[in-house]
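Engineer: Would you be able to build a 3D model of this:
(4 chains)
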There are 2 protein chains.
Amino acid sequence: MDEARGTGTLGKAMAVLEAVVMADGPQRFTDILARSGQPRGTLYRLLSHLVEEGLLIQRRDLCYEPGLRLLTLAHRSWSANRFRDVAEPHLRRLHELTGETVHLGILRDAEIVYVDKVESRQTVRMSSQIGKASPAYCTGIGKAALSLLDRSDLERVLAKTEFRAFTPHTHRSAATLVAEIEEIRRDGHAFDREEHEAEIRCVAAPITIPGSELAAGISVTGPAYRVSMEQLMAWAALVRAAAQAIGEEAVIRLGPGRGGP
Amino acid sequence: MDEARGTGTLGKAMAVLEAVVMADGPQRFTDILARSGQPRGTLYRLLSHLVEEGLLIQRRDLCYEPGLRLLTLAHRSWSANRFRDVAEPHLRRLHELTGETVHLGILRDAEIVYVDKVESRQTVRMSSQIGKASPAYCTGIGKAALSLLDRSDLERVLAKTEFRAFTPHTHRSAATLVAEIEEIRRDGHAFDREEHEAEIRCVAAPITIPGSELAAGISVTGPAYRVSMEQLMAWAALVRAAAQAIGEEAVIRLGPGRGGP
DNA sequence: CAATTTATTCCATTATTTGGAACTTGATTT
DNA sequence: AAATCAAGTTCCAAATAATGGAATAAATTG
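Structural biologist: Numbers count the residues shown, from 1 in each chain, chains lettered A, B, ... in the order given. Just a heads-up that it's a prediction; the model follows:
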């Protein structure tokens, strides 16, 4: 019944790293001291170690910034991700069929992390979304992924979720969300009805990643003025089919058993 | 005179993380045990902590894979990188003027880490390069950045460099490299004459990032059949000008003093 | 189902981390 | 120019978390 055994020194180091990375702008020692709650001596050594490891950079004015090692580690993890590899052609096909932006996301705790994206034009920065984490409860892929969880896992996520009203349509409590998740389980697809960002809608479908205990999903997203709810409903079958195809191909290519070449 | 004081527990954890991330394919406990040289008990606890922190994922078949937290941390660091922000419009302009791929890279130890990229078509995967690390001694940006280092820093890098012959044109020893770096200091630009990849050339120019003690650079890269050395020499002035413009703008926008909004 | 490989747990010892306080450094004010 | 203040850095005895070899459990194989 115990859950909360810490991760010792590593946990503290990661908390400090996260505090610097998630802050906006370079952080002075005192800023981090306040944010992290660690004692001065401890924090000082922690920061030194993080700098030595290349996870942080200390500028000449003594401010701390994210280091380059994170980028390199992420680059490797991303380009070696075999699930993304399997999904990619399906995302492209879905993009060709719909003309709209297609996302691949994986659930982590109560958040969806976007792992790939195929978009129409490069209006926004290339791949600016990859690695971005959004709340699960108000995104299409997020809700689709939640629909795969069993009772106890879902409850754990709900307990962590803070229902913030991003738009007038955002779920405000677990009750309505759970009701919708029932529907999603029945239908096999989820909608985002401008719940996270105003004027943005999507239709999503869940995928279980074989081998890992991960819940994932894909979505087709578009601006409300161009993509009606009717349009999304018409696309739902396509999205479900793509999700199922990815799932089946992943079973063959990734699991069960070892995956490596 | 002492240099080698470790980073304690964090250092060990990062070494294990790196071993898993840099391996190709999911890693079993025994694989990592061999690669890391840590004792069983220690490694086991280290891996557990890394999994708990979301830096690794353990699959049902007990193999370890990179976790999603790396992507999220990298996403934040990248999108909040103000130097990249300053450079970006200049990269675009350079791309428009030349029609070829433009890179922004930052030196870390003996490697160049690519931090941004503007490319002609999306033939290769979008932004597949971002976060990629290549040896400094055989890349245009790498050599350009090395030309900014003072004697002692350069020597430290050279000591770490292993001169591997990627192509017939790759530098095979520090001697020829140092000679070329002299030239680069004089000219203000560097060439990659198919030294890292056959049939790929580039012209690069160095940038010092104000405030941080970082050496960076930009380059225009193209396939040998399309981009002659003469063409690259003709572009050199453009690249130098863009590099200088980025440097000056960065001085105004980033340093000296605090940067945050 | 016995043999073998692989993963996990245990725990006395040891090394690292801890954190309060003292010390520097550098800027600002009197 | 001295005094004041704020921010960063260093120190070290005490507390704690990490260590690592050996025993156990679990999975795989012949």
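Engineer: For the helix or strand harbouring residue A:192, give the mean pLDDT please.
Structural biologist: Here residue A:192 is covered by strand A:190-193, with elements defined by DSSP states H and E. Per-residue pLDDT values across strand A:190-193 average out to 98.
Engineer: near chain B, anything from the helix or strand just after that strand?
Structural biologist: The helix or strand immediately downstream of strand A:190-193 is strand A:200-209, counting by DSSP H and E. No. Counting by CB under 8 Å from any CB of the partner chain, no contacts exist between strand A:200-209 and chain B, the nearest distance being 9.0 Å. The way it works is simple: take the backbone N, C-alpha and C, and place the C-beta from them, glycine included.
Engineer: Which strands and helices lie in contact with the strand holding residue A:192?
Structural biologist: Helices and strands in packing contact with strand A:190-193 are listed as helix A:140-146, strand A:200-209, strand A:214-223, helix A:229-254; criterion 3 or more CB pairs under 8 Å, 6 or more residues apart in numbering or on different chains; DSSP states H and E.
Engineer: Which elements pack onto the last one?
Structural biologist: Spelled out, it's helix A:229-254. The criterion is 3+ CB pairs under 8 Å, 6+ apart, and the helices and strands that helix A:229-254 contacts are helix A:82-98, strand A:190-193, strand A:200-209, strand A:214-223.
Engineer: Next, format those as CSV and append mean neighbour count.
Structural biologist: Putting those into CSV (neighbours: other CB atoms under 10 Å in any protein chain shown) gives the following:
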stretch, mean neighbour count
helix A:82-98, 18
strand A:190-193, 23
strand A:200-209, 26
strand A:214-223, 24
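Engineer: looking at those, which is closest to DNA strand D?
Structural biologist: Taking CB to the nearest atom of the strand as the criterion, strand A:200-209 is the member of these that comes nearest to DNA strand D, at 18.6 Å.
Engineer: partners of the closest one, with directions?
Structural biologist: Here strand A:200-209 has these sheet partners by DSSP bridges: strand A:190-193 (antiparallel), strand A:214-223 (antiparallel).
Engineer: related to what we said a few turns ago, can the helices and strands packed on helix A:229-254 go into a markdown table with extra columns for distance to DNA strand C?
Structural biologist: Shown next, in a markdown table, are those (distance: least, CB to the nearest atom of the strand, whole Å):
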| stretch | distance to DNA strand C |
| --- | --- |
| helix A:82-98 | 19 |
| strand A:190-193 | 34 |
| strand A:200-209 | 19 |
| strand A:214-223 | 17 |
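Engineer: so which of the ones you listed gets nearest residue B:31?
Structural biologist: helix A:82-98 (16.5 Å; CB to CB).
Engineer: just checking, what packs against that closest one?
Structural biologist: Here helix A:82-98 is seen to pack against strand A:101-108, strand A:111-118, strand A:214-223, helix A:229-254 when contacts are counted using 3+ CB pairs under 8 Å, 6+ apart.
Engineer: do you know which of the ones you listed lies nearest DNA strand D?
Structural biologist: Taking CB to the nearest atom of the strand as the criterion, DNA strand D comes closest to helix A:229-254 out of the helices and strands packed on helix A:82-98, the separation being 15.6 Å.
Engineer: hang on, the earlier thing: now distance to residue B:202 too, for the strands paired with strand A:200-209, in TSV please.
Structural biologist: Supplementary listing: the strands paired with strand A:200-209 in TSV, determined by distance: least, CB to CB, whole Å:
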stretch	distance to residue B:202
strand A:190-193	43
strand A:214-223	36
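Engineer: quick one, which of these is nearest to residue A:82?
Structural biologist: Closest approach to residue A:82 among these is made by strand A:214-223 (12.6 Å; CB to CB).
Engineer: what is the orientation angle of the closest one with helix A:82-98?
Structural biologist: Orientation of strand A:214-223 against helix A:82-98 (axes from the mean of the first three to the mean of the last three CA atoms, to 10 degrees) gives an angle of 30 degrees.
Engineer: mean confidence for strand A:214-223?
Structural biologist: Rounded mean pLDDT across strand A:214-223 is 96.
Engineer: circling back to that earlier point, kindly reformat the helices and strands packed on helix A:82-98 as JSON lines containing distance to DNA strand D.
Structural biologist: Formatted as JSON lines, the entries for those read as follows, by distance: least, CB to the nearest atom of the strand, whole Å:
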{"stretch": "strand A:101-108", "distance to DNA strand D": "23"}
{"stretch": "strand A:111-118", "distance to DNA strand D": "26"}
{"stretch": "strand A:214-223", "distance to DNA strand D": "20"}
{"stretch": "helix A:229-254", "distance to DNA strand D": "16"}
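Engineer: And the ones you listed: which comes nearest residue A:90?
Structural biologist: Nearest to residue A:90 among those is helix A:229-254; the distance by CB to CB comes to 4.7 Å.
Engineer: And that closest one, what's buried?
Structural biologist: Of the residues in helix A:229-254, those buried by neighbour count under the rule 16 or more other CB atoms under 10 Å in any protein chain shown are A:231-232, A:235-236, A:238-240, A:242-243, A:245-247, A:249-250, A:254.
Engineer: which residues are contacting the strand holding residue A:192?
Structural biologist: The list of residues contacting strand A:190-193 from outside it, by CB atoms under 8 Å, 6 or more residues apart in numbering or on different chains, reads A:138-141, A:143-144, A:147, A:169, A:180, A:184, A:200-206, A:217, A:219, A:221, A:229, A:232.
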